[in-house]
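>>> show me the folded form of this:
(2 chains)
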Amino acid sequence: MSPATTTLRETSAPEETEAAGEELGRRLRKGDLVLLKGELGAGKTTFVRGIARGTGSTASVASPTFQLVRVYPGRLQLAHVDLYRLEKGEELRDLGLDELLDAGAVVVEWGDRLEVTDAALIEIEHLGGDRRLLRTENDLRH
Amino acid sequence: MIFVIDTSSALSAVAIVDGTRVVVEQIDQSGPGFHLPARYRAIAKGNNISKIAVATGPGSFTGVRVGVSFGLGVAIGAKIPIVPLPTLGIQAARSATPVLAVAEAGRGRVYHLAPGGQPGLAEADELPRDWPVVGWLRPQTRAALEAVGLRFEPESELSTFGAAAARLLEAAPEVAYGSLKVEYMQSFSARIN
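From the prediction side, this is the model:
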């Protein structure tokens, strides 16, 4: 798939959103950066729960809003970052994103707050009820 | 005597220097196995440590924080001064002639400092080739630099870590505990509306 192609996928239950995340997680490699965007309650954390399972992690996944970063060990280390509370650019320094990418893959909620070109970008839209639209604007480059 | 810490690159080092004399120094692979408290206890014992010096980057995110936190902890606890040293400045000071100082940045990149320049972050093929290279890199990063034609200064031509730190410490000022700054450099910036 060309990285520039936008793909759409509709899910109708949290389990389906998680399964879509798991598919992505299985494809992740060290150094991959996945940016997620979507409003509060869109299902970003549910999607990440699937990604973590796809990387072989059995850790429980929760929104890292108050921690900024959670790290899940697995086949591949997955760092789960949330930039919702990011107020100043300098706060990015405290995340050590470069080092997290050196150690594994990184998925970032509110990832559109990150200025970066070489990253996968997925938008999750709440369509009402349990329905979600997953819009992959940039896919992984491999 | 000054206890010197550098945990900011692919190798980590501790040393005790007394003026220009290096009393002891240890250099090993960076990571959890480089146990700073144990090394401090082992080599500081019996030496009258009157000052701490610590490398403040740019370098490994975790490494720099570990070194600075430990250095500050010891300094504050023992009520002795602390002195920040630039990671790349230490490597540059190991050579008597101008060099390109480098430190491991991960993902195939290095922090670098050319003579008279400012620290930067670059991939191997972006580095200036006007000087031989000095610094502690992972084997694959070093190979990448060599592959683009950069030449590393042989270790036999260089001062040791401790000797270089001692030289810098002759002029390096102490700072207040709360003013010690870590030198950050990263490839990301935020887009905040």
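
>>> now the helices for chain A?
With DSSP state H as the criterion, chain A has helices at A:14-27, A:44-54, A:97-103.

>>> which one of those helices lies nearest to chain B?
Among those, the nearest to chain B by Cβ to the nearest Cβ is helix A:97-103 (3.4 Å). Every C-beta, even on glycine, is put in place using the N, C-alpha and C of the backbone.

>>> mind listing what's buried in the closest one?
Within helix A:97-103, the residues scored as buried using 16 or more other Cβ atoms under 10 Å in any protein chain shown are A:97-103.

>>> from the chain's centre, how far out does that helix sit?
Mean-position distance between helix A:97-103 and its chain equals 15 Å (Cα atoms, centre = their mean, to the nearest Å).

>>> what about that helix, average pLDDT?
The average pLDDT for helix A:97-103 rounds to 93.

>>> check whether that helix comes near chain B.
Yes: judged by Cβ under 8 Å from any Cβ of the partner chain, helix A:97-103 comes into contact with chain B at A:97-99, A:101-102.

>>> point to the residue nearest the middle of chain B.
In chain B, the residue lying closest to the centroid (Cα atoms, centre = their mean) is residue B:87, at 3.2 Å.

>>> residues contacting that one?
By Cβ atoms under 8 Å, 6 or more residues apart in numbering or on different chains, residue B:87 lies in contact with B:6, B:8-9, B:55-59, B:64, B:103, B:111, B:183.

>>> recalculate using a threshold of 6 Å.
B:8, B:55, B:57, B:59, B:103 (Cβ atoms under 6 Å, 6 or more residues apart in numbering or on different chains).

>>> show me what counts as buried in the longest helix along chain B.
Longest helix in chain B, counting residues (DSSP H): helix B:61-78. The neighbour-count check on helix B:61-78 (16+ other Cβ under 10 Å) flags B:61-68, B:70-72, B:74-75 as buried.

>>> coming back round to it: would you convert the buried residues of helix A:97-103 into JSON lines that also reports distance to residue B:172?
Below are those laid out as JSON lines (distance: Cβ to Cβ, whole Å):
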{"residue": "A:97", "distance to residue B:172": "30"}
{"residue": "A:98", "distance to residue B:172": "27"}
{"residue": "A:99", "distance to residue B:172": "27"}
{"residue": "A:100", "distance to residue B:172": "32"}
{"residue": "A:101", "distance to residue B:172": "33"}
{"residue": "A:102", "distance to residue B:172": "30"}
{"residue": "A:103", "distance to residue B:172": "32"}
